[in-house]
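Asks: Here is my input; please provide its structure:
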Amino acid sequence: MRFIGNIEAKTDTKGRVFLPATFRKVLQASGGESLVLRKDVFQSCLVLYPEQIWNEQMDLLRLRLSRWNQQHQLIFRQFVSDVEIVTLDGNGRFLIPKRYLKMADIEQNVKFIGMGDTIEIWSNDGSGKPFMEAEDFGRALEDVMKNEE
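Replies: Numbers count the residues shown, from 1 in each chain. Take a look at the predicted model:
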């Protein structure tokens, strides 16, 4: 499952938005129906996880955390509790609850960014900054890739 690309869209007055067709095709090809929505851990955007990927992430996190460690339990609880199960309607739309719109500073314009096995949803009103400047990106990519040689 590979979500790639950068697609702009708009939410309607109720907070519904169309999942871009290219992403719907990838989701359907994988046999996935449900998505899990949560605020990103690090940035002011939302993340859509296909249910299978979400379950893998939960399992991985659970393996790394001890049920007998209070801090670990707090981490796990926070990660898995503040989520919404999302299903697409017959037209390919889904509802972004108001509290999630607020968390990500989304008013109406959004940007869907394919991140491989997940999809990020950013405000496209200039408040979020999902990308590096081109020059910084070139240097960072060079640094990462030269370490691989």
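
Asks: so Glu120 sits in a strand?
Replies: Yes - under the criterion used here (DSSP: H, G, I helix; E, B strand; the rest coil), Glu120 sits inside a strand.

Asks: What are the contacting residues of the one helix or strand in the chain whose mean pLDDT sits lowest?
Replies: Counting by mean pLDDT, DSSP states H and E, the weakest-scoring helix or strand in the chain turns out to be helix 134-146, with a mean of 86. The contact list for helix 134-146, computed with Cβ atoms under 8 Å, 6 or more residues apart in numbering, reads 131-132. C-betas here are computed from N, CA, C, even on glycine.

Asks: go again using 7 Å as the cut-off
Replies: Met132 (Cβ atoms under 7 Å, 6 or more residues apart in numbering).

Asks: In contact with Glu33: list those residues for me.
Replies: Thr87.

Asks: CA-only coordinates of the least confident helix or strand of the chain, as PDB, when you get a sec.
Replies: What follows is helix 134-146, C-alpha atoms only, in PDB (Å, rounded to 0.1, in the frame of the first residue of the first chain):
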ATOM      1  CA  ALA A 134      14.100  23.300  -1.500                       C
ATOM      2  CA  GLU A 135      17.700  24.100  -0.600                       C
ATOM      3  CA  ASP A 136      17.400  22.700   3.000                       C
ATOM      4  CA  PHE A 137      15.700  19.600   1.500                       C
ATOM      5  CA  GLY A 138      18.600  19.000  -0.900                       C
ATOM      6  CA  ARG A 139      21.200  19.300   1.900                       C
ATOM      7  CA  ALA A 140      19.200  17.100   4.300                       C
ATOM      8  CA  LEU A 141      18.600  14.400   1.700                       C
ATOM      9  CA  GLU A 142      22.300  14.500   0.700                       C
ATOM     10  CA  ASP A 143      23.200  14.000   4.400                       C
ATOM     11  CA  VAL A 144      20.800  11.100   4.800                       C
ATOM     12  CA  MET A 145      21.800   9.300   1.600                       C
ATOM     13  CA  LYS A 146      25.600   9.700   1.900                       C
END
